[in-house]
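>>> my questions concern the predicted model and sequence given below.
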Amino acid sequence: MSNNIFEFQGTIVIPATTSKFVAKDQFKKIKNRVSYLGVNFYNWFLAGDGKIEDLIPQITLRYAKLLSDIRDVKIIAELGGEAKVEVALAEVYYLMEQQKNGEGGVLLINNYTNVFYIKDVNGVLRAVDVQSFGSGWYVSASSIADPDGWREGDQFFSHDS
């Protein structure tokens, strides 16, 4: 990671899953802790049968804070390309569960955005953002071609190498 784009924050080990991750079912379980599900997130990850992920081995994610406003294409390239930035929805869910009551942890809870790149049900890489507000998690998704980009202080996750 280039020092002028990101400030490395740390790594976290995500344990292996023991069963398939069925996004539609899992997000129903935490419905009372999610204050907002964006329309794109719902359509791309939960509609119909929703996203279903096979077993995932234990993995280490690294996370870094963005140091200036930048768009997804440059961020993905800086983090090592699509293969390195793609994470599983089950991994994001695990992190949200670790901070389910708004407590501190790896995910930012200061109104900045936690950003993950995840393939939707059609295999299209999307930017999934998770924010914590007093009333719970806000979860939404956008195209990686979105012209708005991300702001300084937002946090990005990718595989550790």
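Perfect, I can see it now. Numbers count the residues shown, from 1 in each chain.
>>> next, the closest residue in space to residue 37 that isn't next to it in sequence: phi, psi?
Nearest residue to residue 37, sequence neighbours excluded (C-beta to C-beta, 6 or more residues apart in numbering): residue 139, at 5.5 Å. For every residue, glycine as well, the C-beta is placed using N, CA and C. Main-chain dihedrals, residue 139, degrees, to the nearest 10: phi -130, psi 120.
>>> just give me the residue right at the centre of this structure.
Nearest residue to the geometric centre of the chain (C-alpha atoms, centre = their mean): residue 116, 2.9 Å.
>>> quick check: that one touching residue 157?
Yes. At 5.1 Å, residue 116 counts as touching residue 157 under the criterion of C-beta atoms under 8 Å.
>>> any common contacting residues for these two?
87, 91 (C-beta atoms under 8 Å, 6 or more residues apart in numbering).
>>> any stretches of this structure with poor pLDDT?
Counting by pLDDT under 70, the chain contains low-confidence ranges at 1-3, 161.
>>> residue ranges of the strands in it, please?
For the chain, strands defined by DSSP state E occupy the ranges 6-14, 21-22, 34-37, 52-53, 59-66, 114-119, 125-133, 136-143, 155-159.
>>> show me what the fifth one is packed up against.
Contact partners of strand 59-66 among helices and strands, from 3 or more C-beta pairs under 8 Å, 6 or more residues apart in numbering; DSSP states H and E: strand 6-14, strand 155-159.
>>> can I get the CA coordinates of the last one in PDB?
It stands for strand 155-159. Taking C-alpha atoms only, strand 155-159 is exported to PDB below (Å, rounded to 0.1, in the frame of the first residue of the first chain):
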ATOM      1  CA  GLN A 155     -11.700   2.400   5.900                       C
ATOM      2  CA  PHE A 156     -11.000  -0.300   3.300                       C
ATOM      3  CA  PHE A 157     -10.600  -4.000   3.700                       C
ATOM      4  CA  SER A 158      -8.700  -6.500   1.600                       C
ATOM      5  CA  HIS A 159      -6.900  -9.800   1.900                       C
END
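>>> run through who's touching that strand.
By C-beta under 8 Å, 6+ apart, the surrounding residues in contact with strand 155-159 are 6, 9, 59-66, 75, 79-80, 84-87, 91, 107-108, 112-117, 150.
>>> please apply the same query to the longest one.
Contacting residues not belonging to strand 6-14 are listed as 1, 56, 58-67, 78-79, 91, 94-95, 106, 155-156, 160 [C-beta under 8 Å, 6+ apart].
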